[in-house]
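[1] Fold the stuff below for me.
(chains A, B, C and D)
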Number of protein chains: 2
Amino acid sequence: MSPKTLKIDKLPTIRRLPAYLQILRALSVKGEEFVSSAYLADQMQIEAILVRKDLELTGISGTPRVGFRVQDLIAAIEKFLGWGRVLDTCLVGAGQLGAALLGHRELNQFGIRIVAAFDTDPVKIGSSLHGVTVFPLSRLSELLKRLTILLAIVCVPPDVAQMVVDQLVEGGIQAVWIFTSANITVPEHVIFQREDLLSGLAVLSARLTRIGPNGSST
Amino acid sequence: MSPKTLKIDKLPTIRRLPAYLQILRALSVKGEEFVSSAYLADQMQIEAILVRKDLELTGISGTPRVGFRVQDLIAAIEKFLGWGRVLDTCLVGAGQLGAALLGHRELNQFGIRIVAAFDTDPVKIGSSLHGVTVFPLSRLSELLKRLTILLAIVCVPPDVAQMVVDQLVEGGIQAVWIFTSANITVPEHVIFQREDLLSGLAVLSARLTRIGPNGSST
DNA sequence: TGTATCGTGTTATATGATAAACAAATATCA
DNA sequence: TGATATTTGTTTATCATATAACACGATACA
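    Residues are numbered from 1 along each chain as shown, chains lettered A, B, ... in the order given. Model (predicted):
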């Protein structure tokens, strides 16, 4: 009877927030104090009205003929996403994609700090990737409890994904961000977000083979 | 006057197609001949009615009390996405993310073949990543014309992204799949798809900090 | 052979997201 | 100081997507 998905409003808006944030930070660096919805719209390649709607969600209001205060917007978005303070995370599966995420500059810029990595490969275990130690997967539960880790980034092969997630859940993880396309189930209280690279490729392919140029870029 | 975004119908459906495809292939390997929308719905963690709506797009119709023919669905989805035959692509920016994509097994499974990589790092140039030779970026236009490359995968830092894309366009590229969050513009005739890792993290963070567990997983 | 059942296809409704239209507010300039 | 232009906020309309309701068709079984 309970719905499979709990509704979250404004999901498309939330997806756009990081992009706003990056533009705003660039403006901040340049010393700009105000920004108009028209400018943001141009940068985002969307309509200005949509920008204003989106910003509504942050609770910040602009002033007519002036625009929005850059600093306020940055603070509001960061607060909304919880990106103000650092969030300790771990990486499970230190393969190439995992390593890439570890080194991803933007991730660190948004309060994500990976404090431990786990893998089964004896060669990797004990080594350091981008300053993060790789532990054996067997120590996952133990370290999960010792360190204060709320979020896990999972980049393991599909066939072991469910097992890894189960261990994470058992270790008390609160959120899982997974880059594996496999049918994973988690308990209701665990936040679960799958990233599917192929879905983006699909819309690109569809355009390439049938529809033709330039559509929306969600 | 022309709209910034040309509407494409059924975009969410298209994003789900690769996931269907993977499930169907697994069934095919197991020798299953038919599949019901209920089964697919369960695997995808969506409603069965949505599955049927999605499959409608492929043109395949099921038979009552039996379901859909697995092989037909696979063929139809592949045809829809143009994933039946191999699509030659190149990778620009052979950093960690680029290397990860190169080695990504699933990409190869779906008809994407990377035939050349480009980078500016002298150390990487001339070497081979996963069997793909890394060329200097300066040879981009030249090789683009010699090889038959329709799609480019771009994984370069934001500050050089526009320049790289410009070169690709000049070299006659038809589609660009870019993993950099920067304000890129392309001519109308070029298909352009940006992949934003941060957007997924944003919805996860939003749930983690304010809303709570499990929502839809687009 | 006829009936019950189950899964699909179709039609209709509801929700949510984007765009448009308009009103209110503030800086600029005469 | 007052008029104007510009940018925001609000309301309304349109469009896209997801869900629901129902009818149809095929199989299974008596």
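[2] so where's chain A shaky on pLDDT?
    For chain A, the stretches flagged by pLDDT under 70 are A:1-8, A:211-218.
[3] In three-state terms, label the residue of it positioned farthest from its centre for me.
    In chain A, residue A:65 marks the outermost C-alpha relative to the chain mean, sitting 34.0 Å out by CA atoms, centre = their mean. Look at residue A:65: counting by DSSP: H, G, I helix; E, B strand; the rest coil, its state is coil.
[4] got the buried residues for stretch A:174-184?
    In terms of neighbour count (16 or more other CB atoms under 10 Å in any protein chain shown), stretch A:174-184 has its buried residues at A:174, A:175, A:176, A:177, A:178, A:179, A:180, A:181, A:182, A:184. C-beta here means a position set from N, CA and C on the backbone, and glycine is covered the same way.
[5] Now the third one, what are its backbone angles?
    By that I understand residue A:176. When quoted as degrees, to the nearest 10, the phi and psi of residue A:176 stand at phi -130, psi 130.
[6] who are the neighbours in contact with it?
    Counting by CB atoms under 8 Å, 6 or more residues apart in numbering or on different chains, residue A:176 makes contact with A:151, A:152, A:154, A:165, A:168, A:169, A:186, A:190, A:191, A:192, A:193.
[7] and the last one, how many neighbours does it have?
    I take that to be residue A:193. 20 (other CB atoms under 10 Å in any protein chain shown).
[8] Okay, now the sheet partners of the lengthiest strand in chain A, with direction.
    The longest strand of chain A (DSSP state E) is strand A:112-119. Paired strands of strand A:112-119, with direction, are strand A:87-92 (parallel), strand A:132-136 (parallel) (DSSP bridges).
[9] Minimum distance to residue A:40: which of the ones you listed has it?
    Set against residue A:40 and scored by CB to CB, the strands paired with strand A:112-119 come closest in strand A:87-92, at 25.8 Å.
[10] which other residues reach the closest one?
    With contact meaning CB under 8 Å, 6+ apart, strand A:87-92 is reached by A:98, A:101-102, A:111-119, A:132, A:137, A:140, A:143-144, A:147-156, A:164, A:168, B:205, B:208.
[11] rerun that using 6 Å as the cut-off
    Residues outside strand A:87-92 that contact it (CB atoms under 6 Å, 6 or more residues apart in numbering or on different chains) are A:98, A:111-118, A:148-149, A:151-154, A:164.
[12] what's the closest of these to DNA strand D?
    residue A:154 (24.1 Å; CB to the nearest atom of the strand).
[13] Could you double-check that that closest one lies in contact with residue A:178?
    Yes: at 4.2 Å, residue A:154 counts as touching residue A:178 under the criterion of CB atoms under 6 Å.
[14] Can you tell me which of the buried residues of stretch A:174-184 comes closest to DNA strand D?
    Once CB to the nearest atom of the strand is applied, the member of the buried residues of stretch A:174-184 that ends up nearest DNA strand D is residue A:181, at 17.7 Å.
[15] Quick check: closest non-adjacent residue to residue A:91.
    residue A:117 (4.4 Å; CB to CB, 6 or more residues apart in numbering or on different chains).
[16] I'd say the one you found and residue A:94 touch.
    Yes: if you go by CB under 6 Å, residue A:117 and residue A:94 touch, sitting 4.7 Å apart.
[17] what sits in contact with each of those two?
    residue A:134.
[18] Against DNA strand D, how distant is residue A:126?
    45 Å (CB to the nearest atom of the strand, to the nearest Å).
[19] actually residue A:69, not the one I wrote
    10 Å.
[20] hmm, stretch A:51-64 touching chain B?
    No: Stretch A:51-64 stays out of contact with chain B when judged by CB under 6 Å from any CB of the partner chain, the minimum separation being 9.9 Å.
[21] ranges for the helices of chain A?
    A:11-29, A:37-44, A:48-58, A:70-81, A:96-103, A:105-109, A:140-146, A:158-170, A:197-206 (DSSP state H).
[22] Just the buried residues of the shortest one, please?
    This points to helix A:105-109. In helix A:105-109, counting by 16+ other CB under 10 Å, buried: A:106, A:107.
[23] if we can go back for a sec, let me see the contact set for the residue nearest to residue A:91.
    Contact analysis of residue A:117 by CB under 6 Å, 6+ apart lists A:91, A:94, A:132, A:134.
[24] repeat that with 10 Å
    When contacts are counted by CB atoms under 10 Å, 6 or more residues apart in numbering or on different chains, residue A:117 touches A:90-94, A:98-99, A:102, A:124-125, A:127-130, A:132-135, A:153, A:155.
[25] Of the residues you listed, just the buried ones, PyMOL syntax please.
    Only the buried entries of the contacts of residue A:117 go into this PyMOL selection, using 16+ other CB under 10 Å:
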select buried, chain A and resi 90+91+92+93+94+98+99+102+124+125+129+132+134+135+153+155
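[26] residues from chain A in reach of DNA strand C?
    A:7, A:9-13, A:46-47, A:49-50, A:53, A:63-66, A:218 (CB under 7 Å from any atom of the strand).
[27] check those against DNA strand D, which are close?
    Answer for the residues of chain A next to DNA strand C near DNA strand D (CB under 7 Å from any atom of the strand): A:49, A:53, A:63, A:64, A:65, A:66.
[28] Residues in a beta bridge with the residue lying closest to residue A:124 once chain neighbours are set aside, which ones?
    Leaving out its chain neighbours, the residue that sits closest to residue A:124 by CB to CB, 6+ apart is residue A:134, at 4.8 Å. Beta-bridge pairing of residue A:134 under DSSP bridges involves residue A:117.
[29] Just to check, residue A:98 is in contact with residue A:152?
    No: the pair residue A:98 / residue A:152 is not scored as a contact, 11.4 Å apart, by CB atoms under 10 Å.
[30] related to what we said a few turns ago, DNA strand C: which of the contacts of strand A:87-92 is nearest?
    After measuring these against DNA strand C - CB to the nearest atom of the strand - the closest member comes out as residue A:151, at 23.0 Å.
[31] Please list the residues of chain A that sit near DNA strand D.
    Residues of chain A lying close to DNA strand D by CB under 7 Å from any atom of the strand are A:5, A:36-38, A:48-49, A:52-53, A:55-56, A:61-68.
[32] of those residues, buried ones?
    Taking 16+ other CB under 10 Å as the criterion, what is buried in those is A:36, A:37, A:52, A:55, A:62, A:67, A:68.
[33] quick one, what contacts the second one?
    To tie it back to what came earlier, the one meant is residue A:37. So, once contact is read as CB under 10 Å, 6+ apart, residue A:37 ends up touching A:47, A:48, A:49, A:50, A:51, A:52, A:53, A:54, A:55, A:62, A:67, A:68.
[34] re the thing from before, most widely separated two among the contacts of residue A:176?
    Farthest pair in the contacts of residue A:176 (CB to CB) is A:169 and A:193. Separation: 14.5 Å.
[35] residue contacts, the closest residue to residue A:121 other than its chain neighbours?
    Distance criterion CB to CB, 6+ apart; nearest residue to residue A:121, sequence neighbours excluded, is residue A:94 at 7.5 Å. When contacts are counted by CB under 10 Å, 6+ apart, residue A:94 is found next to A:101-102, A:117-121, A:124-125, A:127, A:129, A:132, A:134-135, A:137, A:155-156.
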